[in-house]
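Participant: Need a 3D model of the sequence below.
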Amino acid sequence: MPAPRKALPEIDPQRCTGCGWCIGVCPPHVLSLQVQSATGFGSKRSTLHNAPACTGCALCAVRCPFDAIQMVKIAKPQRVTEQA
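Facilitator: Okay, the predicted model is just below:
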């Protein structure tokens, strides 16, 4: 069983150039390039389109040449305890 992920990538749209390097190194293929305008034309930016499938490996953040991706810690789920 793989170790539980501890962080997810957060992409800064101001720094992302849409180069696609992060997408190329993503093993579970959870990143994609999305057009930013409603017309379907124009600049693209990287997007985390499938967060539940992300392993949190951070390869995308390491590979990004523009420091547009930061790994952000996931909050631990609260345990629910039953009171007797």
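Participant: P65 contacts V25, doesn't it?
Facilitator: No. In this structure P65 lies outside contact range of V25 using C-beta atoms under 8 Å: 11.7 Å. Just so you know, the C-beta spots here come from the backbone N, C-alpha and C atoms, and that holds for glycine as well.
Participant: quick one, which of these two is more surrounded?
Facilitator: Per other C-beta atoms under 10 Å, whichever of P65 and V25 has more neighbours is V25, with 15 against 9.
Participant: Contact partners for the more buried one?
Facilitator: Shown in contact with V25 (C-beta atoms under 8 Å, 6 or more residues apart in numbering): L59, C60, V62, R63.
Participant: Could you give the bridge partners of the closest residue to G18 other than its chain neighbours?
Facilitator: Nearest non-adjacent residue to G18, counting by C-beta to C-beta, 6 or more residues apart in numbering: K44, 3.8 Å away. Judged by DSSP bridges, the bridge partners of K44 are V35.
Participant: K44 and V35 touch, don't they?
Facilitator: Yes. Between K44 and V35 a contact is recorded at 5.5 Å, counting by C-beta under 8 Å.
Participant: what is the rounded mean pLDDT of stretch 52-62?
Facilitator: Stretch 52-62 shows a mean pLDDT of 96.
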